[in-house]
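Peer 1: Next input, structure requested:
(chains A and B)
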Amino acid sequence: MSIKLGVPSKGRLMEKTFDWFGERGITLGRAGSDREYAGRVEGIEGVELVLLSAGEIPRELAAGRIHLGVTGTDLVQEKLANWDQQVESLAEMGFGHADLIIAVPACWADVDGLDDLDAAAALFRARHGFRLRIATKYHRLVRDFLRDNGVADYQLVDSQGATEGTVANETAEAIADITSTGDTLRANHLKILSDGLILRSQATLFRSRKAQLSDDDRRVLGALVERLKID
Amino acid sequence: MPLWQGHTPELRARVRSCAARLRDGFEAAGAVPVECPILLPAATLLDLYGEDIRARAYVTSDALRGEQMMRPDFTVPVVEMHMADGAEPARYTYSGEVFRRQEEDEARANEYLQVGVEIFDGSNPAAADAEVFALTRKAVEGLNLRAATGDIGILMAAVNGLNTSAPRKAALLRHIWRPRRFRALLDRYAGRAPVPAARAALLKAEDPFAKAGMQIGLRSRAEVEERIATLREDAGTDPISDREVGLIDAILSVRETLPFALERLRDIAVDMPSISDAVEGLAARAAALDARGIDIAALDFEAAYGRTHMEYYDGFVFGLYAGSRPDLPPVASGGRYDTLTRLLGRANGRPEGMPAVGAVVRPGLVVELEENA
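Peer 2: Next up is the predicted model:
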């Protein structure tokens, strides 16, 4: 048996994760060519690297198929019910910062915050005959946030990518998406609601509360946590 | 522990026979048994209940019919069936599974039987309210349940009668089921909460569109201008008086047995005549309940009851609870939902809707309580 560590399989998130572990004396890398998804681990015994899509890591942690996983807080909280009962956050890794926010067209001069969004949604529905559409892929987080804040007369429409473009394309009136610098929002003539921050997210090392651990596994996990100095 | 999942065939059979017994009882009282589909078109329910229904109901889909929702309750299909059948006065009963998505509490059932009765008859609303309550109470007699009752119509009448602008009343009525937002709006309209800085700046701006940039999206410039004009008009509206806010608070704090609640509300109506009709409606209901043999002197009434969890009930509301099991949801609940029939009626050629009152019982909980009695 060994401890399985799930890491995003491509892009900056993978590279930064490799760097983060590297700075702590543990070398992660791909096994063969950089097209191969098998991983290798040097600097500690008994840890196996599993390269996965970042979006699947929450599910794999919750199912206990991996013991540790690197992914965004946003994905964990969106995909897992009672997330803190299924996984434990071991370390915030200091990269992959992104805020989940609600943005509306900058030309909506009358809308500054959620109160305004709610009022605009009521008028929009009366005028257009359907609920104001908010494009997002974070359905649960956005719905809970809007319910807690008493916003009504909206509907969520699914958008898995290029969400900022949905307003100009008239497939949505507003969006809820992650942003780091806000450049894409501005380029698409959108503005963030003054009280529209739903969640601050960053890359985080999570431990599964569901994965089975043998005594050996427990020792390896303890050694790893010590090496990473994240107790 | 959920009563429907992971249970023995014997227990399931008992829940089924309890459901049949409840439905037979409603039928014997004059209700016609009806069947409803389990898969309902999602669009109708989404339009009616909003995005929140997605958190409570299971959605599935196919390429042909698009999104379908697994029946979260019977109200919508029964009302639609009734409208399609001519909408003559009628009484219906039904029994079947409902499905509720659970995302937080594993102990809550996501599939359970519901037995209900619905009365569509406007000839005597107070009598129909009393009939539904009495039938429901009789269906679960012997379980020693505590009844909670309320009437959202009184708060609605109070808001409608406020001495303020129509848009303010509309905004308060829209949030009557969201107490926090209702309170925030009331505080703002009463001048008790400061005007947010961004709003103040907008109202003062010579050109509100100075930083607006390019016009994009379906919401037009005219719509934005219209709302700014409304906000400017609203800024000049007199605050809702402390006296009126005090009367709303007085209504919301009424929590007595029915005869005392009635007395208290009649006192409030002296200062707020706009609620008189609604209060007399409550008096007529009390008389009708009394005529049906309900001990109204022992019946609790709470003006704010049902406000947070029974959206679209707009008059009489009630729930029957097991006092010994505060962990359980109500064993039975119901109320009047005239507004909902108007909303559904728009798409069914009956925008005038119809008077409607109904209730549901959960046989699974009845059996669980009988078991532990």
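Peer 1: immediately after the helix or strand hosting B:Glu80, which helix or strand?
Peer 2: Using DSSP states H and E, the element containing B:Glu80 is helix B:75-84. Using DSSP H and E, the next helix or strand after helix B:75-84 towards the C-terminus is strand B:90-99.
Peer 1: Please name the residues that touch B:Thr308.
Peer 2: B:Thr308 sits next to B:Trp177, B:Arg178, B:Pro179 when contact means C-beta atoms under 8 Å, 6 or more residues apart in numbering or on different chains. (Glycine included, C-beta is placed from N, CA and C.)
Peer 1: Am I right that the second one is in contact with A:Ala152?
Peer 2: If I follow you right, that is B:Arg178. Yes. Judged on C-beta atoms under 8 Å, B:Arg178 makes contact with A:Ala152 at a distance of 7.3 Å.
Peer 1: Could you find the closest non-adjacent residue to the residue in chain B positioned nearest to chain A?
Peer 2: Taking C-beta to the nearest C-beta, chain A has its nearest neighbour within chain B at B:Arg181, 3.3 Å off. Of all residues not flanking B:Arg181 in the chain, A:Gly150 sits nearest, at 3.3 Å (C-beta to C-beta, 6 or more residues apart in numbering or on different chains).
Peer 1: In chain A, what residue spans correspond to strands?
Peer 2: A:3-8, A:27-30, A:39-42, A:47-52, A:68-72, A:87-92, A:98-105, A:132-136, A:154-158, A:174-179, A:190-201, A:203-208 (DSSP state E).
Peer 1: Same question for chain B.
Peer 2: B:32-33, B:39-41, B:59-62, B:66-70, B:90-99, B:111-120, B:145-151, B:255-257, B:300-302, B:316-322, B:332-336, B:357-361.
Peer 1: For the ones you listed, give me CSV that also has mean pLDDT.
Peer 2: Below are those laid out as CSV (pLDDT from 0 to 100):
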stretch, mean pLDDT
strand B:32-33, 96
strand B:39-41, 94
strand B:59-62, 92
strand B:66-70, 94
strand B:90-99, 96
strand B:111-120, 96
strand B:145-151, 96
strand B:255-257, 97
strand B:300-302, 97
strand B:316-322, 96
strand B:332-336, 96
strand B:357-361, 97
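Peer 1: Tabulate the ones you listed in JSON lines, adding columns for mean neighbour count and distance to chain A.
Peer 2: Shown next, in JSON lines, are these (neighbours: other C-beta atoms under 10 Å in any protein chain shown; distance: least, C-beta to the nearest C-beta, whole Å):
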{"stretch": "strand B:32-33", "mean neighbour count": "12", "distance to chain A": "34"}
{"stretch": "strand B:39-41", "mean neighbour count": "16", "distance to chain A": "15"}
{"stretch": "strand B:59-62", "mean neighbour count": "11", "distance to chain A": "11"}
{"stretch": "strand B:66-70", "mean neighbour count": "18", "distance to chain A": "11"}
{"stretch": "strand B:90-99", "mean neighbour count": "20", "distance to chain A": "17"}
{"stretch": "strand B:111-120", "mean neighbour count": "23", "distance to chain A": "17"}
{"stretch": "strand B:145-151", "mean neighbour count": "22", "distance to chain A": "21"}
{"stretch": "strand B:255-257", "mean neighbour count": "15", "distance to chain A": "24"}
{"stretch": "strand B:300-302", "mean neighbour count": "20", "distance to chain A": "22"}
{"stretch": "strand B:316-322", "mean neighbour count": "23", "distance to chain A": "20"}
{"stretch": "strand B:332-336", "mean neighbour count": "25", "distance to chain A": "20"}
{"stretch": "strand B:357-361", "mean neighbour count": "25", "distance to chain A": "23"}
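Peer 1: which stretch among those strands comes nearest B:Arg243?
Peer 2: Of all these, strand B:255-257 sits nearest to B:Arg243, with 21.7 Å by C-beta to C-beta.
Peer 1: what's in contact with the closest one?
Peer 2: With C-beta under 8 Å, 6+ apart as the test, strand B:255-257 has contacts from B:Ala261, B:Arg264, B:Ile296, B:Ala297, B:Ala298, B:Leu299, B:Asp300, B:Phe301, B:Glu302, B:Ala303, B:Ala304.
Peer 1: Find the closest residue to chain B in chain A.
Peer 2: In chain A, the residue that lies nearest chain B is A:Gly150 (3.3 Å; C-beta to the nearest C-beta).
Peer 1: Now do the same contact list for that residue.
Peer 2: A:Asp118, B:His175, B:Arg178, B:Arg180, B:Arg181, B:Ala184.
Peer 1: Can you tell me which of those has the most neighbours?
Peer 2: Using other C-beta atoms under 10 Å in any protein chain shown as the neighbour test, these are led by A:Asp118, with 24 neighbours.
Peer 1: Tell me which residues touch the residue of chain A positioned farthest from its centre, please.
Peer 2: Here chain A reaches farthest from its C-alpha mean at A:Arg127, the gap being 35.2 Å by C-alpha atoms, centre = their mean. Going by C-beta under 8 Å, 6+ apart, A:Arg127 touches B:Glu223.
Peer 1: so how far is B:Pro196 from the residue nearest to B:Ala127 when sequence neighbours are not counted?
Peer 2: Nearest non-adjacent residue to B:Ala127, counting by C-beta to C-beta, 6+ apart: B:Ala288, 4.9 Å away. Counting by C-beta to C-beta, to the nearest Å, the gap from B:Ala288 to B:Pro196 is 47 Å.
Peer 1: got it, and A:Thr166?
Peer 2: Plainly put, A:Thr166 is 28 Å away from B:Pro196 if you go by C-beta to C-beta.
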